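# no sequence on hand, only this structure:
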C-alpha cells in the first residue's frame with residue numbers, strides 16, 4: 001500500500017504504519033522494549049526481492065529469475081532485546097505441530113507460543129473457528145478447544161495474562 005492509510009487503531013492501541021518487513025522490524029524493535037507483552041501474531045513475508053527495479057521491467061525473455069533475500073525475524077529479535085517484553089509467538093503448522101512449535105519456542109527464546117494445525121478441516125485458515133495449544137517454558141501446555149475465533153482470542157489473552165503474572169510475580 002502506498003500513500004496515506006486510513007485505518008483506525010483499536011481503543012488503547014497505537015497504530016504504527018509501515019510499508020515493508022524491514023520497516024516493521026525497525027518499528028517493533030524501537031517500541032517493544034516499552035511494552036510489557038509483545039504478541040507476534042503473524043509473520044511478514046519470509047523473503048523479499050533483492051533488488052527493486054527503478055523502471056518497469058520489459059517483457060524480453062521467456063523466463064525471468066528473481067533473487068530473494070531473507071527478511072529479519074521480528075519476533076526472535078524482539079525476544080533478544082535487553083529489555084525484553086514477555087514475548088508470545090504463533091506456529092501455524094500442517095504436520096508435527098508440537099515438535100515445530102516447541103522448536104520455535106526454544107530457538108527464538110519466546111515465553112509462549114500458540115500452535116495450531118492448519119491442516120485440520122474446519123479450523124484455522126478459511127474458517128470462522130480454530131483451536132490452539134499454547135506451549136511455554138518449564139513444560140507449560142494449555143490446549144484451547146475448537147471455538148469461534150473471537151472466543152479463542154479471549155481465551156488466549158487470559159492464558160497470556162496468567163502466564164505473564166506468574167513470571168513477573
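Structure's in. What do you need? None of the values given here were measured: they were computed from a predicted structure.
# from here on, contacts and neighbour counts on C-alpha atoms
Will do.
# element containing the residue lying farthest from the centre of the chain, please.
Computed with CA atoms, centre = their mean, the maximum C-alpha offset from the centroid of the chain is found at residue 60, amounting to 38.7 Å. In the assignment (DSSP states H and E), residue 60 maps to no helix and no strand.
# do you know the pLDDT at it?
pLDDT, the model's per-residue confidence, is 86 for residue 60.
# next: the one 10 residues further on.
Confidence at residue 70, expressed as pLDDT, is 95.
# quick check, it in contact with residue 21.
No. In this structure, residue 70 is not within contact of residue 21 by CA atoms under 8 Å, at 10.2 Å.
# the more surrounded of the two?
For residue 70 against residue 21, the residue with the higher neighbour count under other CA atoms under 10 Å is residue 21, and the figures read 19 against 11.
# pull the contacting residues for that one.
44-45, 71-72 (CA atoms under 8 Å, 6 or more residues apart in numbering).
# rerun at 10 Å
When contacts are counted by CA atoms under 10 Å, 6 or more residues apart in numbering, residue 21 touches 27, 43-48, 71-74.
# can you list those in TSV and add secondary structure, distance to residue 166 and neighbour count?
As requested, the contacts of residue 21 are exported to TSV (DSSP: H, G, I helix; E, B strand; the rest coil; distance: CA to CA, whole Å; neighbours: other CA atoms under 10 Å):
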residue	secondary structure	distance to residue 166	neighbour count
27	helix	28	15
43	coil	27	13
44	coil	30	17
45	coil	33	12
46	coil	33	12
47	strand	36	13
48	strand	39	17
71	coil	33	16
72	coil	30	17
73	coil	27	16
74	helix	25	21
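# where does this protein have low pLDDT?
Segments of the chain classed as low confidence (criterion: pLDDT under 70) are 1-5.
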